[in-house]
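# I'd like to go over a predicted model; first the sequence, then the structure.
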Amino acid sequence: MGSVIPLKKEIDNSYLGLKNLVGSKLDEVSQRIKYKLASEINLIHKMTNYHVKSGGKRIRPLLTLASAKLCGYKNGNRDINLAACIELIHNATLLHDDVIDNSELRRGIKTTNSVWGNQSSILVGDYLFSRCFEMMVEDGSQEILKLLSSTSSRIAQGEVLQLEHKGQIDLLEETYFSIINMKTAALFAAAAKVGACLGDKSKKEKDALESYGRNLGLAFQIADDALDYFSSKTILGKEIGKDFYEGKTTLPLIIIYQRGNSEERKFLKEIFKKKNRNEDDFSETLSLINKYKAVQASFKRAEYFVNVSYDALGIFQNTEEKKVLQNLTEFSLNRSF
């Protein structure tokens, strides 16, 4: 595997390779989402259209489509339906996340809750979840229903665990990894494993794709957390320091707390006891991030998960699909958006 950083402004070729692999199916997923979100309630129609059109990488549905192709699924459109379902689960969690975090910007535009308010956003997020479960039932597979319903439960538990530890600067890395495993990696794992279920593969192959997705998701989230202290709004569509101002203890902060001296630890504890942090607080914290090379250290930890993800696909035959999915592991670290 290659080295990490710097970011590239052009779209990463591995991501383009994934999109090209599935062809027009991603457009069909978008149409399926649009169809399932249709409602006679005008506010639901406005809010879902606004939220879904705000963009995103669509990594999770792409994983489902690509893994299904890797596993030989050809007949029918179950892959499209389930990829759409997985994307809706993700979007429902984003709606709820933005309310919890009081976020005003996502992907470079105003969040749904900043336009229509928190109450409407929570209810529309619930509407998305209800549509997801309809789609799971429509698929007819008990195995997939169990997988995606349990994944939804794990995501919710991860959200609560993160909220429970909000502002806790002396958070253990183990707890941090538990949070991102449930919040992010669980859906990546499910997205990849669904493809193996559709291809009626063996338990070993299903487990391999689940491991691929889970470790890819862990690397993806670590990189996202590190970029909060390294990136800019023009690259990722989010304000730099967003996690810091929201009081989220992510890996770069954990690292500087571990490596800092007693005075630096005292400073970090004091600012995270405050209800709100200011630009001076962020500037001083950023100095510590740079002093202890916390961004680089975070990426170094993520490299482990990238390698595990890459190697998990080793049991599959060497095909174009396998190569594209393996190449995607580098995108999780070197992505520019």
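Thanks, I have the structure now. Numbering: from 1, shown residues only.

# which intervals of the stretch 151-300 of the chain have sub-threshold pLDDT?
Applying pLDDT under 70 to the stretch 151-300 of the chain picks out residues 231-239.

# Let's check: the centremost residue of this protein is which one?
Taking C-alpha atoms, centre = their mean, the centroid of the chain lies closest to residue 184, which sits 4.7 Å from it.

# Surely that residue touches residue 221?
Yes: with contact defined as C-beta atoms under 8 Å, residue 184 reaches residue 221; the gap is 4.1 Å. All C-beta spots, glycine's among them, are computed from the backbone N, C-alpha and C.

# Distance of the residue nearest to residue 326 when sequence neighbours are not counted relative to residue 161?
Of all residues not flanking residue 326 in the chain, residue 310 sits nearest, at 5.2 Å (C-beta to C-beta, 6 or more residues apart in numbering). Counting by C-beta to C-beta, to the nearest Å, the gap between residue 310 and residue 161 amounts to 28 Å.

# Likewise for residue 195?
28 Å.

# swap in residue 296?
27 Å.

# All the helices of the stretch 151-300 of the chain, residue numbers only.
Using DSSP state H, counting those that start in this stretch, the helices assigned to the stretch 151-300 of the chain run over residues 173-180, 186-198, 203-227, 233-236, 242-245, 251-259, 262-273, 279-291, 294-312.

# Reformat those as JSON lines; add mean neighbour count and distance to residue 152.
Output for the helices of the stretch 151-300 of the chain, formatted as JSON lines (neighbours: other C-beta atoms under 10 Å; distance: least, C-beta to C-beta, whole Å):
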{"stretch": "helix 173-180", "mean neighbour count": "17", "distance to residue 152": "16"}
{"stretch": "helix 186-198", "mean neighbour count": "28", "distance to residue 152": "9"}
{"stretch": "helix 203-227", "mean neighbour count": "23", "distance to residue 152": "15"}
{"stretch": "helix 233-236", "mean neighbour count": "14", "distance to residue 152": "26"}
{"stretch": "helix 242-245", "mean neighbour count": "20", "distance to residue 152": "23"}
{"stretch": "helix 251-259", "mean neighbour count": "22", "distance to residue 152": "25"}
{"stretch": "helix 262-273", "mean neighbour count": "14", "distance to residue 152": "30"}
{"stretch": "helix 279-291", "mean neighbour count": "16", "distance to residue 152": "34"}
{"stretch": "helix 294-312", "mean neighbour count": "20", "distance to residue 152": "22"}
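
# Using a markdown table, lay out those together with distance to residue 156.
Shown next, in a markdown table, are the helices of the stretch 151-300 of the chain (distance: least, C-beta to C-beta, whole Å):
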| stretch | distance to residue 156 |
| --- | --- |
| helix 173-180 | 12 |
| helix 186-198 | 10 |
| helix 203-227 | 16 |
| helix 233-236 | 25 |
| helix 242-245 | 20 |
| helix 251-259 | 22 |
| helix 262-273 | 25 |
| helix 279-291 | 30 |
| helix 294-312 | 23 |
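
# which one of those lies closest to residue 34?
helix 186-198 (19.9 Å; C-beta to C-beta).

# so what does the closest one touch, helix or strand wise?
In this structure, helix 186-198 packs against helix 59-70, helix 78-101, helix 142-164, helix 203-227, with contacts taken as 3 or more C-beta pairs under 8 Å, 6 or more residues apart in numbering; DSSP states H and E.

# Report how many residues lie close to residue 314.
Number of residues near residue 314 (other C-beta atoms under 10 Å) recorded here: 11.

# Over to the one 3 residues further on?
Residue 317: 7 surrounding residues under other C-beta under 10 Å.

# Can I take it that it is in a strand?
No: counting by DSSP: H, G, I helix; E, B strand; the rest coil, residue 317 is not found in a strand; it is coil.
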